[in-house]
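Trainee: let's see this in three dimensions:
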Amino acid sequence: MYQFSRIVVVGSGYEGTALANHIRDCGFEVLLSGRRSQAELQHDADSIIPGSSAISMRQIVKLDNTTTLVIIAIPLSGVPRLNPCDFAGKVVIDVMNFWPKLDTSITELSQAPRDTSLFVQKHLSQSIVVKTLNHLSHLDIGFDARPQTEPRRRALGIASDEETARSAVATFIDKVGYTPVDVGELRNGRFLAPGTEIFQGGWRSPEQMIRILTKRSGYPSRMFSIEDTMNHTSETHSAKQAIVLINTKRSANVPSINVIEQDLKALGTPVELVQVADDAELLDAISRAGDSVIFVSGYEALATPELARRLKAESQQVIAVSTDSDHLDDATATALRGIIAINSSASKELSAFATSSDTWIVDFTFNSPSTIILPGGKSETVGTFEHETVNCDGVNEAFIAGLLNGLTADWELPKAVRFGTYVASGVAEQEGASLA
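Mentor: I've put the predicted structure just below:
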């Protein structure tokens, strides 16, 4: 019945603007609407959402119900000022959340702050309200999106009392880069609200979300069956480079390179494992790797003057892992493409190296934000690996595999690190030490 090709976004704040720009980039016609004048709306459309058009809310009702999807992204306290007749017959996505300090005028939600969609449906009684996208930050909308051909997509829950509308919105969610998960009737939207495991958990896989929702709501949550969805296999993976893993056998207490290999294969990434016994074999393996992403198990295996000099002279793009800051030296650090510091204080010492070289550093530690130190010394925080109950086996290896997987697809480093954190979360919530 529904085949949405036109998306009306009501609201031009951070959330509305981010959604409109991303949806436009996914090939949909985007119309911007709100309570302001047509001239003001058109100015916003031209300046902050290029390629979109403006439309008054009174004109929305005239658009075809089967091809037009409405997204309301305004403060929840503004809902009572909307005219229900403007949205009559439309499927409306509610991306709003109740914030007690901001929505003080909505007294009826003070005792049930997670029932926002029931409140919206009550006011927009002539529309079909669908709850989704509220558990996705405006900062992550474009950042976390993945095409169907990539494995390990982020899941988004969808709740509505109308099953047909739920399925149609699921197709839309799939097209904008996320795996839709059926949450059931609209009242179950409360399990997507602030303070819940879904809202607070960040990047959840479909399997993780289904387990949580089924446990909390009692509804048999499931992934939607989307027409023409491609299987997420290695044949469809978008990796552009292979990865060469070099095992030096000289480093104690470093992540298992065999588990990293298994995880990369599970992610559909072309990978070759090479065993080396001495410096000559190590240099030979690096030289033969060509344009592949090269990962060496153990930073200290590279910490010799000769290796550092050869790496720098040949401009090799090598990534190493460090678990101990005692073995760091300037010559080796500045000769590498990147260093992954696992549960150590190494990143503090390495920050000085990044300032004066092209080396980046990623610090991954349980229950702490992942810190990236970029060439030039600028640092930023990307995601936090945090779980109450954790299977610690394989978490470090999964993080490394996810990060390397992202780099083979030419993702920017923050995006690759975020994906590594997500893959680590997947291993932490399962039995076994690898994704395989």
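Trainee: burial of Val129, as a residue count?
Mentor: If you count neighbours by other Cβ atoms under 10 Å, Val129 ends up with 29. Yep, even glycine has a C-beta here, placed from its N, CA and C like the rest.
Trainee: mind listing the helices for this structure?
Mentor: 14-25, 38-48, 57-60, 116-123, 163-175, 197-200, 206-217, 257-266, 279-288, 305-314, 330-333, 346-355, 395-408, 413-428 (DSSP state H).
Trainee: rebuild these as TSV, extending it with mean neighbour count, mean pLDDT and distance to Ile71.
Mentor: Converted to TSV, these look like this (neighbours: other Cβ atoms under 10 Å; pLDDT from 0 to 100; distance: least, Cβ to Cβ, whole Å):
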stretch	mean neighbour count	mean pLDDT	distance to Ile71
helix 14-25	20	95	6
helix 38-48	15	90	15
helix 57-60	16	95	11
helix 116-123	21	94	12
helix 163-175	20	96	10
helix 197-200	17	84	18
helix 206-217	18	89	21
helix 257-266	22	88	35
helix 279-288	16	85	50
helix 305-314	15	71	50
helix 330-333	21	70	47
helix 346-355	20	62	40
helix 395-408	27	88	29
helix 413-428	24	80	24
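Trainee: reformat those helices as CSV; add distance to Gln241.
Mentor: Below are the helices of the chain laid out as CSV (distance: least, Cβ to Cβ, whole Å):
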stretch, distance to Gln241
helix 14-25, 25
helix 38-48, 35
helix 57-60, 47
helix 116-123, 44
helix 163-175, 27
helix 197-200, 34
helix 206-217, 27
helix 257-266, 12
helix 279-288, 15
helix 305-314, 18
helix 330-333, 23
helix 346-355, 23
helix 395-408, 4
helix 413-428, 12
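Trainee: and of those, who's closest to Ile106?
Mentor: helix 116-123 (7.0 Å; Cβ to Cβ).
Trainee: the closest one packs against which elements?
Mentor: Packing partners of helix 116-123 (3 or more Cβ pairs under 8 Å, 6 or more residues apart in numbering; DSSP states H and E): strand 91-94, strand 128-131.
Trainee: of the helices of the chain, which is nearest Phe295?
Mentor: helix 395-408 (6.0 Å).
Trainee: kindly export the closest one (C-alpha atoms) in CSV.
Mentor: Taking Å, rounded to 0.1, in the frame of the first residue of the first chain, the C-alpha atoms of helix 395-408 are listed here in CSV:
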residue,chain,number,x,y,z
VAL,A,395,36.9,-8.3,23.1
ASN,A,396,40.3,-6.8,22.3
GLU,A,397,40.6,-8.9,19.2
ALA,A,398,37.1,-8.0,18.0
PHE,A,399,37.8,-4.3,18.4
ILE,A,400,41.0,-4.6,16.3
ALA,A,401,39.2,-6.6,13.6
GLY,A,402,36.4,-4.1,13.4
LEU,A,403,38.8,-1.2,13.2
LEU,A,404,40.9,-2.9,10.5
ASN,A,405,37.8,-3.9,8.6
GLY,A,406,36.7,-0.3,8.4
LEU,A,407,40.1,0.9,7.2
THR,A,408,40.0,-1.6,4.3
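Trainee: tilt between that helix and helix 413-428?
Mentor: 140 degrees (axes from the mean of the first three to the mean of the last three Cα atoms, to 10 degrees).
Trainee: remind me what helix 395-408 packs against, helices and strands.
Mentor: helix 257-266, strand 293-297, strand 318-322, strand 338-342, strand 360-364, helix 413-428.
Trainee: nice, that's everything, thank you.
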